[in-house]
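Student: Need a 3D model of the following:
(one chain, ligands or ions: 3)
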Amino acid sequence: MEKRAFIKSYGCQMNVYDATRMADQLRASGYDVVDEQEGADLVLLNTCHIREKAAEKVYSELGRLKGAVGAAGAPVMIGVAGCVAQAEGEEIIRRQPRVDFVVGPQAYHHLPDLIAKAGAGAKPVATELDEDKFEHLARPSRRAVTARGVTAFLTVQEGCDKFCSFCVVPYTRGAEVSRPVAEVMEEAVQLVDAGVREITLLGQNVNAYHGGDGKGGTASLADLVGRLAALDGLARIRFTTSHPNDMGEDLIAAHRDEPKLMPYLHLPVQAGSDRILKAMNRKHTAGSYAALIARIRDARPDLALSGDFIVGFPGETDADFEATMALVEEVKYASAYSFKYSPRPGTPAAGREDQVPADVASERLQRLQALLTAQQKEFNLGLVGRRVPVLIEKPGRREGQVVGRSPYLQPVHIPASAGAVGDMVEVDITAAEGNSLFGEVAPERSAAA
Ligand code: SAH
Ligand code: SF4
Ligand code: F3S
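Tutor: Numbers count the residues shown, from 1 in each chain. Ligands and ions are numbered 1, 2, ... in the order given. Alright, predicted model coming up:
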């Protein structure tokens, strides 16, 4: 009987993408990859190390998995992948001896070998960062791509050289590396051929992309967007996550000139106080960020902005926090993620003695989230009465409905008669609720291809 594998992912979109690549690799070595743990012979936890809570979740999940058995009644093989695997390596097996192997994000092409070794009773740990896994990973079949739907992630850049003083990513994902243009284009063509209509380019610092162009030079993210836009079946292009200091003029211009590039930008600022930004090693100020936003909005006035914020960074005073609130008031976000600072082992900020008390940080987080939620609501309500193109992605939760997304990334619920999955339809937005929009298909649907 074919063995079954189940991959459970935590963390960011990079992990979601990696999970697809690991699934392809496992299929190539004879596994059936299933979407629930029940009956799986191999369980792979694809972990996140960004905040303490995320990392601790892994150990409670491992505790839960300890006694699990596979289809044939044998104990499941347990693998730990992702950023906790990279950060903690061997330590994971010490803390939870039921773990059979550990594999860091740059070593996924070794999966078949690790599984074989683990099956023979060894407890292999693969955390080397020096190889290009993409060169060695199995390609997905056309069927696998089609089954994943009409939108897809495509990692074009990995790792980070920025070393913000709170962040583990430079340690868990290694140095910044861009995939060559030809390799990215080949993968994109394969996705589009299998029916993908929207591609989101991924990188921890995606706008710093500088992939080799095969002629001795490098291509910027804007160049890459231009090349992708030339693919006929591809309707939409997005990218995430960006750093303010890598937002080149050509990329800003692409937001003005390239209709396939969606008017949505995730551009984290983290804090609004220059003193804190300096301590975070962000290398930009609140003022330079606001000025950058103004230039981007000049190029693309309807652009929806999203961001990340950390409250309670060591040494953050009430006045510093008010500066974050003021920046949010000034910029106005369509959506945002905000977090309480979490000290991470090995990062410079974790060792500081001026940590902010938990109750102060909680109170600040509540105030910030209330403001961001109000801004999101305002942005969504602003779309009611307007007509927007929607890419239909899947059947809705309710019978007779389908769900797609607006250019600004909100889910839009529309009648199923509007069209099929993969269609682009013009929708009149009639209501906004939470993060969702509702709409009717415009009478003369000028279905843009
Ligand atoms: N590369 C991206 C995002 C990295 S992690 C960037 O530079 O923006 C995603 C978000 O998690 C960060 O933007 C930050 O807001 C948050 N984060 C990272 N480390 C954190 C920590 N130690 N405590 C709390 N939040 C953190
Ligand atoms: Fe982390 Fe900063 Fe790099 Fe983003 S830019 S991944 S926050 S170190
Ligand atoms: Fe988490 Fe690693 Fe992504 S730490 S946020 S899974 S890069």
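Student: Give me the three-state assignment for residue 161.
Tutor: With DSSP: H, G, I helix; E, B strand; the rest coil as the basis, residue 161 sits in coil.
Student: Would you mind measuring from it to residue 309?
Tutor: 22 Å (C-beta to C-beta, to the nearest Å). Every residue, glycine included, has its C-beta placed from N, CA and C.
Student: Could you check which of the two is surrounded by more residues?
Tutor: Between residue 161 and residue 309, counted using other C-beta atoms under 10 Å, the more crowded position is residue 309 (22 against 12).
Student: Confirm the more buried one sits in a strand?
Tutor: Yes. If the criterion is three-state DSSP, then residue 309 is within a strand.
Student: I'd say it and residue 335 touch.
Tutor: No. Assessed by C-beta atoms under 8 Å, residue 309 is found out of contact with residue 335, at 11.9 Å.
Student: Near residue 296, how many residues? Count them for me, please.
Tutor: The local packing of residue 296 (other C-beta under 10 Å) involves 20 other residues.
Student: likewise residue 39?
Tutor: For residue 39, the neighbour count with other C-beta under 10 Å is 13.
Student: That one: what secondary structure?
Tutor: Residue 39 - assigned by three-state DSSP - is coil.
Student: Distance of it relative to ligand 1?
Tutor: 34 Å (C-beta to the nearest ligand atom, to the nearest Å).
Student: What residues does that residue make contact with?
Tutor: Taking C-beta atoms under 8 Å, 6 or more residues apart in numbering as the criterion, residue 39 is in contact with 4, 70-71.
Student: low-confidence ranges in the chain?
Tutor: Within the chain, the set of residues satisfying pLDDT under 70 comprises 1, 444-449.
Student: touching ligand 1 at all, the longest helix along it?
Tutor: Secondary structure assigned by DSSP state H gives helix 358-381 as the longest helix of the chain. No. Helix 358-381 lies out of reach of ligand 1 by C-beta under 6 Å from any ligand atom, never closer than 9.9 Å.
Student: Spell out which residues are contacts of both of residue 309 and residue 335.
Tutor: Here residue 309 and residue 335 have residue 372 as joint contacts, going by C-beta under 8 Å, 6+ apart.
Student: Put the alpha carbons of stretch 240-258 into PDB.
Tutor: Output of stretch 240-258 as PDB, limited to C-alpha atoms (Å, rounded to 0.1, in the frame of the first residue of the first chain):
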ATOM      1  CA  THR A 240       5.300  40.100  -0.500                       C
ATOM      2  CA  THR A 241       7.100  41.000   1.900                       C
ATOM      3  CA  SER A 242       8.900  44.200   1.200                       C
ATOM      4  CA  HIS A 243      11.300  46.400   3.200                       C
ATOM      5  CA  PRO A 244      10.900  50.200   2.800                       C
ATOM      6  CA  ASN A 245      14.600  50.700   2.000                       C
ATOM      7  CA  ASP A 246      14.400  48.400  -1.100                       C
ATOM      8  CA  MET A 247      11.400  50.100  -2.700                       C
ATOM      9  CA  GLY A 248      13.100  51.100  -5.900                       C
ATOM     10  CA  GLU A 249      11.800  53.800  -8.300                       C
ATOM     11  CA  ASP A 250      11.300  51.100 -11.000                       C
ATOM     12  CA  LEU A 251       9.000  49.100  -8.700                       C
ATOM     13  CA  ILE A 252       7.000  52.200  -7.800                       C
ATOM     14  CA  ALA A 253       6.700  53.000 -11.500                       C
ATOM     15  CA  ALA A 254       5.500  49.400 -12.100                       C
ATOM     16  CA  HIS A 255       2.600  50.100  -9.700                       C
ATOM     17  CA  ARG A 256       1.600  52.900 -12.000                       C
ATOM     18  CA  ASP A 257       2.300  51.300 -15.400                       C
ATOM     19  CA  GLU A 258       1.600  47.600 -15.100                       C
END
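Student: Residues of the stretch 51-200 of the chain that sit close to ligand 3?
Tutor: Within the stretch 51-200 of the chain, the positions near ligand 3 by C-beta under 6 Å from any ligand atom are 82-83, 168-169, 172-173.
Student: count of neighbours near residue 347?
Tutor: Count around residue 347 with other C-beta under 10 Å applied: 18.
Student: got a list of what it touches?
Tutor: Each residue near residue 347 by C-beta under 8 Å, 6+ apart is listed here: 165-168, 171.
Student: distance of it from ligand 1?
Tutor: Distance, residue 347 to ligand 1, using C-beta to the nearest ligand atom: 7 Å.
Student: just residue 417 next, same as before
Tutor: Distance of residue 417 to ligand 1, given as C-beta to the nearest ligand atom: 39 Å.
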